[in-house]
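Asks: Using only what follows, build the 3D model:
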Amino acid sequence: MDKYRVTMTTEERNALEHLVSAGKSPARQLTHARILLQADTGAEGRPDEAIVDALGISPRCVARVRQRFVTEGFQAAIDRKAQPPRPDKIKIKGDLEQQLVRLACSDPPEGRGRWTLQLLADELVVLGRVNAISIETVRQALKKTA
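Replies: Residues are numbered from 1 along each chain as shown. Next comes the predicted model:
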(Lines give C-alpha, C1' and ligand atoms only; values in the text may rest on other atoms or scores of the structure.)
Protein backbone atom coordinates (compact mmCIF):
# COMPACT_ATOMS: atom_id res chain seq x y z
CA MET A 1 0.00 0.00 0.00
CA ASP A 2 1.29 3.44 -0.90
CA LYS A 3 2.00 5.72 2.00
CA TYR A 4 0.82 9.29 1.65
CA ARG A 5 2.91 11.96 3.33
CA VAL A 6 0.94 14.52 5.31
CA THR A 7 2.48 17.98 5.28
CA MET A 8 0.34 20.76 6.73
CA THR A 9 0.68 24.50 6.82
CA THR A 10 0.83 26.26 10.18
CA GLU A 11 -2.73 27.54 9.69
CA GLU A 12 -4.03 24.01 9.11
CA ARG A 13 -2.12 22.69 12.11
CA ASN A 14 -3.42 25.50 14.35
CA ALA A 15 -6.98 24.86 13.17
CA LEU A 16 -6.65 21.16 14.02
CA GLU A 17 -5.14 21.89 17.43
CA HIS A 18 -8.00 24.28 18.19
CA LEU A 19 -10.53 21.68 17.01
CA VAL A 20 -9.06 18.98 19.24
CA SER A 21 -8.63 21.24 22.28
CA ALA A 22 -12.22 22.53 22.08
CA GLY A 23 -13.61 18.98 21.93
CA LYS A 24 -17.04 20.13 20.72
CA SER A 25 -16.96 18.36 17.34
CA PRO A 26 -18.20 14.91 16.32
CA ALA A 27 -15.99 12.03 17.48
CA ARG A 28 -15.03 10.98 13.96
CA GLN A 29 -13.91 14.52 13.17
CA LEU A 30 -11.79 14.69 16.32
CA THR A 31 -10.21 11.31 15.53
CA HIS A 32 -9.34 12.39 12.00
CA ALA A 33 -7.87 15.63 13.35
CA ARG A 34 -5.72 13.68 15.83
CA ILE A 35 -4.54 11.35 13.05
CA LEU A 36 -3.49 14.29 10.90
CA LEU A 37 -1.75 16.04 13.79
CA GLN A 38 0.31 12.94 14.56
CA ALA A 39 0.99 12.14 10.90
CA ASP A 40 2.22 15.65 9.99
CA THR A 41 5.76 15.32 8.61
CA GLY A 42 6.47 18.98 9.33
CA ALA A 43 6.18 18.23 13.05
CA GLU A 44 8.10 14.94 13.15
CA GLY A 45 5.31 12.73 11.85
CA ARG A 46 4.84 9.44 13.66
CA PRO A 47 4.64 6.11 11.85
CA ASP A 48 1.22 4.56 11.31
CA GLU A 49 1.82 1.87 13.93
CA ALA A 50 2.44 4.49 16.61
CA ILE A 51 -0.71 6.40 15.61
CA VAL A 52 -2.74 3.18 15.73
CA ASP A 53 -1.43 2.39 19.22
CA ALA A 54 -1.93 5.93 20.50
CA LEU A 55 -5.49 6.39 19.22
CA GLY A 56 -6.78 2.83 19.31
CA ILE A 57 -7.97 2.78 15.71
CA SER A 58 -7.33 0.54 12.72
CA PRO A 59 -4.31 0.94 10.43
CA ARG A 60 -6.68 1.19 7.46
CA CYS A 61 -8.38 4.23 9.02
CA VAL A 62 -5.03 6.01 9.32
CA ALA A 63 -4.19 5.17 5.71
CA ARG A 64 -7.58 6.43 4.46
CA VAL A 65 -7.27 9.74 6.33
CA ARG A 66 -3.74 10.27 4.99
CA GLN A 67 -4.90 9.50 1.46
CA ARG A 68 -7.92 11.81 1.65
CA PHE A 69 -5.73 14.64 2.97
CA VAL A 70 -3.22 14.31 0.13
CA THR A 71 -5.70 13.70 -2.70
CA GLU A 72 -8.78 15.70 -1.67
CA GLY A 73 -7.48 18.31 0.74
CA PHE A 74 -7.62 19.44 4.34
CA GLN A 75 -11.39 19.79 4.84
CA ALA A 76 -12.22 16.52 3.06
CA ALA A 77 -9.87 14.60 5.35
CA ILE A 78 -11.61 15.91 8.47
CA ASP A 79 -15.24 15.85 7.39
CA ARG A 80 -17.35 12.76 7.11
CA LYS A 81 -17.52 11.29 3.64
CA ALA A 82 -21.08 11.52 2.30
CA GLN A 83 -22.86 8.30 1.47
CA PRO A 84 -23.59 7.86 -2.22
CA PRO A 85 -27.23 8.01 -3.30
CA ARG A 86 -28.84 4.60 -3.63
CA PRO A 87 -31.50 4.81 -6.34
CA ASP A 88 -31.76 1.01 -6.53
CA LYS A 89 -33.12 0.99 -2.97
CA ILE A 90 -36.16 3.11 -3.92
CA LYS A 91 -38.99 0.66 -4.49
CA ILE A 92 -41.82 3.09 -5.14
CA LYS A 93 -41.24 5.44 -8.06
CA GLY A 94 -42.92 6.67 -11.21
CA ASP A 95 -46.32 5.11 -11.99
CA LEU A 96 -46.44 3.18 -8.75
CA GLU A 97 -45.85 6.34 -6.73
CA GLN A 98 -48.62 8.15 -8.59
CA GLN A 99 -51.00 5.28 -8.04
CA LEU A 100 -50.16 5.19 -4.33
CA VAL A 101 -50.88 8.91 -3.96
CA ARG A 102 -54.15 8.58 -5.87
CA LEU A 103 -55.10 5.65 -3.66
CA ALA A 104 -54.22 7.54 -0.47
CA CYS A 105 -56.30 10.53 -1.59
CA SER A 106 -59.32 8.41 -2.50
CA ASP A 107 -62.07 7.29 -0.14
CA PRO A 108 -61.01 4.54 2.28
CA PRO A 109 -62.50 1.05 2.09
CA GLU A 110 -65.99 0.37 3.41
CA GLY A 111 -66.09 0.40 7.19
CA ARG A 112 -62.87 2.43 7.56
CA GLY A 113 -62.54 6.07 8.49
CA ARG A 114 -59.19 6.61 6.75
CA TRP A 115 -56.38 4.83 4.95
CA THR A 116 -53.69 3.30 7.12
CA LEU A 117 -50.22 2.45 5.88
CA GLN A 118 -51.03 -1.25 6.20
CA LEU A 119 -54.23 -0.84 4.16
CA LEU A 120 -52.35 1.04 1.45
CA ALA A 121 -49.60 -1.60 1.31
CA ASP A 122 -52.18 -4.42 1.17
CA GLU A 123 -54.14 -2.65 -1.57
CA LEU A 124 -51.02 -2.30 -3.75
CA VAL A 125 -50.48 -6.04 -3.40
CA VAL A 126 -54.16 -6.82 -4.17
CA LEU A 127 -54.01 -4.61 -7.28
CA GLY A 128 -51.01 -6.62 -8.45
CA ARG A 129 -48.65 -3.64 -8.60
CA VAL A 130 -46.10 -5.27 -6.24
CA ASN A 131 -45.54 -8.75 -4.85
CA ALA A 132 -44.86 -7.51 -1.34
CA ILE A 133 -44.17 -4.15 0.21
CA SER A 134 -43.54 -2.94 3.74
CA ILE A 135 -45.48 -0.20 5.43
CA GLU A 136 -42.20 1.68 5.97
CA THR A 137 -41.68 1.88 2.20
CA VAL A 138 -45.20 3.20 1.79
CA ARG A 139 -44.62 5.73 4.58
CA GLN A 140 -41.40 7.02 3.02
CA ALA A 141 -43.02 7.41 -0.40
CA LEU A 142 -45.97 9.32 1.05
CA LYS A 143 -43.73 11.49 3.21
CA LYS A 144 -41.69 12.43 0.15
CA THR A 145 -44.78 13.51 -1.76
CA ALA A 146 -46.44 15.33 1.14
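Asks: Determine the number of other residues adjacent to Arg86.
Replies: 7 (other CB atoms under 10 Å). The C-beta positions use only the backbone N, C-alpha and C, and glycine is treated the same way.
Asks: Skipping its backbone neighbours, what lies nearest Leu124 in space?
Replies: Val130 (5.3 Å; CB to CB, 6 or more residues apart in numbering).
Asks: correction: Lys91
Replies: Thr137 (5.3 Å).
Asks: Which secondary structure elements does the strand or helix carrying the one you found sit against?
Replies: Following DSSP states H and E, one finds Thr137 within helix 135-145. Where contact means 3 or more CB pairs under 8 Å, 6 or more residues apart in numbering; DSSP states H and E, helix 135-145 is packed against helix 95-105, helix 117-126.
Asks: contact partners of the helix or strand bottoming out on mean pLDDT in the chain?
Replies: Ranked by mean pLDDT, DSSP states H and E, the weakest helix or strand in the chain is helix 135-145, scoring a mean of 85. Residues outside helix 135-145 that contact it (CB atoms under 8 Å, 6 or more residues apart in numbering): 91-92, 97, 100-101, 104, 117-118, 120-121, 124.
Asks: any idea of the pLDDT on the residue nearest the centre of the chain?
Replies: The residue lying closest to the centre of the chain (CA atoms, centre = their mean) is Gln83, at 4.1 Å. At Gln83, the pLDDT value in this model is 83.
Asks: Before I go, just wanted to say thanks for your time.
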